[in-house]
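Asker: sequence isn't available, so here's the structure alone:
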C-alpha cells in the first residue's frame, strides 16, 4: 500500500497512513499453501459447525434457513472475510499492527480482538477438556453412560438417573458433577486434569509458532472430515435416518419474515468464518504478498459452508435413528399402560389397536382415539419422531447427551464413541490454534521485546490461560462457560468488525484499498466489493448489533441449570453479581477501541500545542531607523522595513502557525544578507 504525501510527512491528524511495510526477512512463512488453507479451514470449521449450525437449521425452517444462511454468506460473510485476508497479507502484521498502521488511533481494534480471543480461548479449551474426558471413558465396554448406576449395595437404580436418562445423568452428575445454580462451588478435579492436558496439547502445537501448528493442521484439520464421512455412511444405514434428514431439510419459508431468524443466521455466518478475532489476519500475515487471497476467501468460505451441510446430514441422520428408537420405546410404554388400564377396567377393550403399531401408525391412532376418550388423563401421550428430534439438540447437549445416546445403540459403540470425541478434540484444537495466533501474533508484532523470548511468552500465555480457566472446571463451571459463550464475544466482535469495515472503507478508502489489492493479485477484484464494504456490510453489521442489543434488553439474560431434585433442566435468571460480571465482560472486551482512540487524539492535541507554543521564540525586528538603505528584492517579498519578518514560501498566518526559533533564525540570516 503506497503512502500519500501527508503520510510521508508524518501526518497523523485523521489521515490513514497505510503502506506496505518493509520486507521482514525474519518473519516466518507457511511451509506450503496447503498448510495455510488447512489452518484457515481448521480455525473457521469448529465445534459450532457440528452442534450449533444443525440446531439452528432444524429450529428455523430447515432448508429455508440454509438458503438464508447462504444469502448472508455471499453478501456479508465473504466480503468481510476477504477484507481481513487482504489487510493481513498486505501489511504482514497481526491485528494490532494492521489497524495501527492504517491509523494509530485505530490500534484499539486490534487490542479488542486480542481481549475477545483471550475470553474465547479460556472457555473453548474447557470444551476440549470435556471431549478428552469422554474420549477416555469411551474405552469402557459397555459405555459408562449406557446404563444407570445402582445404589451402593443395592440393585435399584440411582433415582436421579432413573428420572432422567443415563446419558443425561452421566453428563451432569459424572462429567460435570454440577451444582443446582451458578453460585460458587468446589473444584471438579477430574476435569481439572483434563483441562491441564488440553492446555498441554495446545502449548505443544503452538510452541514453535506456525512451523509447528502448520504441521499439526495436516491431521487436526483433515481427520474430522474422515470421521464425518464414516458417520454419514454409518448413519444412512440406520433405521430412521431418512426421517431425520427429511425433517431437517423440509423448508418453512415463513421463517424469512422473522427478524430473530435473520439475526441468528447472520450471527452464525459471523462466527463460522471467525471474523473479528484477529486470527484470520494473523494467519494471512504469514503469506507471500502476491498470494491470491481472493481465491482463498471464496474457497475457505465454501468449504466452511459445505462442512456445515455435511455435519448437519450426519447429525440428523443419527438423531433420526435416535428419535425412532425413543419413539418405539414411547409407543411400547404407552401400549403397556393401555393394556394395564383395560385389564383393571379403566378403559374399554375396543380402544385397543389390532396388532402392533409402528411409529408412523401410532400418532394417527392416538389422535383418533384421544378425540373419543381422553387418554391424557391416564398419562398416555402422543409419540412422534418430530417431538423426539427436538430433545437435547442444542449446543453441548447435542454432542454430550443426544449424540452419545444414539451411539449406545450402535454395534461396537465404544469404537464409534472414541471416533466421535477424537473428532471433537481435533476440531477444538484447530480452532484453539487460531485463537492463540490471534493473541500471540499481534502482541509479538507490537512489542519487540517479546520476540526475543517467543517460546517463553507462548508457554506463559498457556499457563495463564490454564490458571484463569480453573473457574470453568469447578462444579458450577458449566454455567460460566455458557455466560462467556453467550455474552463475552458476540457484541464486542460485532463492534470490532464494524470498526474494521469503517477503517478500510472510509478511513483508508475503499477505492485505494482496491488498488492495493490489484497490486497483490495483478488485477482488480470485482467492483461490487467496493460498494459492499462501503454500504452493505456496514449496514448489515450495524443491524445485527442493534438486533442483538434489543434482544438483550427485551429478554432478561438466563442460563440453563440442572435441577437435581426433579432431574431435569430449567431456565434460571442470573443473580445480580453475575449480571454485573456479564456486563463487565462486554465492556472490557470493547473498551480498548475508545481508550486507544482518545489516547492518540489527546497526544496529537498536546503535540500540536507544544509545537505551536513550546518552541516559540522572540526576535527583535528591524525598525525604520535600522534600515540604511533599500533591501534588494523587497518589492517581490513585500518587505518594506516595517519591523516584520519576510515571508517567502508559505503564509504562516493563514496556516494558523506561530514562527519557531528555527524559522526566525533563517529569516534573520536572510535579512543580514539583504542588508549586506
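Answerer: Thanks, I have it. Since this is a predicted model, take the numbers as computed values, not measurements.

Asker: use CA for all of it now, contacts and neighbours both
Answerer: OK.

Asker: ranges for the helices of the stretch 51-200 of the chain?
Answerer: Defined through DSSP state H, counting those that start in this stretch, the helices belonging to the stretch 51-200 of the chain, from first to last, are 63-72, 78-91, 95-102, 107-137, 159-163, 166-169, 189-206.

Asker: which among those helices is found nearest to residue 414?
Answerer: With Cα to Cα as the measure, helix 107-137 is the member of the helices of the stretch 51-200 of the chain nearest residue 414 (8.8 Å).

Asker: tilt between that closest one and helix 189-206?
Answerer: Here the directions of helix 107-137 and helix 189-206 differ by 120 degrees (axes from the mean of the first three to the mean of the last three Cα atoms, to 10 degrees).

Asker: next, the buried residues of helix 107-137.
Answerer: Within helix 107-137, the residues that qualify as buried by neighbour count (16 or more other Cα atoms under 10 Å) are 107-135, 137.

Asker: hang on, the earlier thing: turn the helices of the stretch 51-200 of the chain into CSV, including distance to residue 421 and mean pLDDT.
Answerer: Conversion of the helices of the stretch 51-200 of the chain to CSV gives the following (distance: least, Cα to Cα, whole Å; pLDDT from 0 to 100):
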stretch, distance to residue 421, mean pLDDT
helix 63-72, 26, 88
helix 78-91, 29, 94
helix 95-102, 32, 92
helix 107-137, 5, 94
helix 159-163, 23, 89
helix 166-169, 15, 91
helix 189-206, 13, 94
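
Asker: with distance to residue 347 added, can I get these in JSON lines?
Answerer: Rendered in JSON lines, the data for those read as follows (distance: least, Cα to Cα, whole Å):
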{"stretch": "helix 63-72", "distance to residue 347": "43"}
{"stretch": "helix 78-91", "distance to residue 347": "62"}
{"stretch": "helix 95-102", "distance to residue 347": "71"}
{"stretch": "helix 107-137", "distance to residue 347": "46"}
{"stretch": "helix 159-163", "distance to residue 347": "27"}
{"stretch": "helix 166-169", "distance to residue 347": "33"}
{"stretch": "helix 189-206", "distance to residue 347": "52"}
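
Asker: what does stretch 411-422 rub up against?
Answerer: Judged by Cα atoms under 8 Å, 6 or more residues apart in numbering, the contacts made with stretch 411-422 from elsewhere in the structure are 131-132, 134-136, 138-143, 227, 404, 407, 410.

Asker: looking at these, spot the one nearest residue 191.
Answerer: Using Cα to Cα, residue 132 is the member of the contacts of stretch 411-422 that lies nearest residue 191, at 9.2 Å.

Asker: tell me the contacts of the residue nearest to the closest one when sequence neighbours are not counted?
Answerer: If you skip the residues right next to it in sequence, residue 132 has residue 194 as its closest partner in space, 6.3 Å away by Cα to Cα, 6 or more residues apart in numbering. By Cα under 8 Å, 6+ apart, the residues touching residue 194 are 129-130, 132-133.

Asker: before we move on, the earlier item: among the helices of the stretch 51-200 of the chain, which is nearest residue 251?
Answerer: Between residue 251 and these, the shortest gap by Cα to Cα is with helix 63-72, which sits at 4.4 Å.

Asker: ok, and for the closest one, which residues are buried?
Answerer: By neighbour count on 16+ other Cα under 10 Å, the buried set for helix 63-72 is 63-70, 72.

Asker: by contact count, what packs against it?
Answerer: In terms of contacts (3 or more Cα pairs under 8 Å, 6 or more residues apart in numbering; DSSP states H and E), helix 63-72 is packed against helix 47-59, helix 259-272.

Asker: now find how far off-centre it is within its chain.
Answerer: A distance of 20 Å separates the centroid of the chain from that of helix 63-72, by Cα atoms, centre = their mean, to the nearest Å.

Asker: likewise for stretch 409-424?
Answerer: Centroid displacement of stretch 409-424 relative to its chain, using Cα atoms, centre = their mean, is 27 Å.

Asker: same check on stretch 517-536?
Answerer: Its chain's C-alpha centre lies 25 Å from the corresponding centre of stretch 517-536 when counted by Cα atoms, centre = their mean.

Asker: what's the answer for stretch 178-191, then?
Answerer: Relative to its parent chain, stretch 178-191 has a centroid offset of 26 Å by Cα atoms, centre = their mean.

Asker: next: stretch 546-562.
Answerer: A distance of 18 Å separates the centroid of the chain from that of stretch 546-562, by Cα atoms, centre = their mean.

Asker: equivalent analysis for stretch 533-546, please.
Answerer: Average the C-alpha atoms of stretch 533-546, do the same for its chain, and the two points are 17 Å apart (Cα atoms, centre = their mean).

Asker: got the buried residues for it?
Answerer: By 16+ other Cα under 10 Å, the buried positions in stretch 533-546 come out as 533-534, 536-538, 540-542, 544-545.

Asker: stretch 547-564 now?
Answerer: Neighbour-count burial for stretch 547-564, with 16+ other Cα under 10 Å as criterion, is recorded at 547-548, 557, 559, 561-564.

Asker: which other residues reach that stretch?
Answerer: Outside of stretch 547-564, the residues that reach it under the criterion Cα under 8 Å, 6+ apart are 160, 172, 178-181, 260, 263, 479, 482-483, 491, 568-574, 579.

Asker: export the buried residues of stretch 547-564 to JSON lines and tack on pLDDT and distance to residue 289?
Answerer: JSON lines is the format used below for the buried residues of stretch 547-564 (pLDDT from 0 to 100; distance: Cα to Cα, whole Å):
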{"residue": "547", "pLDDT": "88", "distance to residue 289": "38"}
{"residue": "548", "pLDDT": "87", "distance to residue 289": "37"}
{"residue": "557", "pLDDT": "88", "distance to residue 289": "45"}
{"residue": "559", "pLDDT": "90", "distance to residue 289": "46"}
{"residue": "561", "pLDDT": "91", "distance to residue 289": "50"}
{"residue": "562", "pLDDT": "91", "distance to residue 289": "52"}
{"residue": "563", "pLDDT": "90", "distance to residue 289": "56"}
{"residue": "564", "pLDDT": "88", "distance to residue 289": "58"}
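
Asker: take those and keep only those in strands.
Answerer: Using DSSP state E, the subset of these located in strands is 559, 561-563.

Asker: domain parsing for this structure?
Answerer: Structural domains assigned to the chain are 2-325+394-596, 610-675, following automatic domain parsing.

Asker: of the buried residues of helix 63-72, which pair is most distant in space?
Answerer: Checking the buried residues of helix 63-72 with Cα to Cα, the most distant pair is 63 and 72, at 14.5 Å.

Asker: might you report the residue contacts of residue 534?
Answerer: The contact partners of residue 534, taken as Cα under 8 Å, 6+ apart, are 501-502, 505-506, 510.

Asker: pretty sure it sits in a helix.
Answerer: Yes: the assignment for residue 534 is a helix, going by DSSP: H, G, I helix; E, B strand; the rest coil.

Asker: ok, longest helix in the chain?
Answerer: As far as residue count goes, and with DSSP state H defining each element, the longest helix of the chain is helix 293-343.

Asker: tell me which residues touch the spatially most central residue of the chain, please.
Answerer: The structure's the chain has its C-alpha centroid closest to residue 271; by Cα atoms, centre = their mean the separation is 4.2 Å. Residues near residue 271 by Cα under 8 Å, 6+ apart: residue 44.

Asker: what ranges do the strands span in the chain?
Answerer: 558-563, 568-573.

Asker: any chance of the ones you listed in CSV with distance to residue 516 as columns?
Answerer: Formatted as CSV, the entries for the strands of the chain read as follows, by distance: least, Cα to Cα, whole Å:
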stretch, distance to residue 516
strand 558-563, 47
strand 568-573, 50
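
Asker: low-confidence regions, the stretch 251-400 of the chain specifically.
Answerer: For the stretch 251-400 of the chain, the stretches with pLDDT under 70 are 354-355, 390-395.

Asker: no further queries at this time; thank you.
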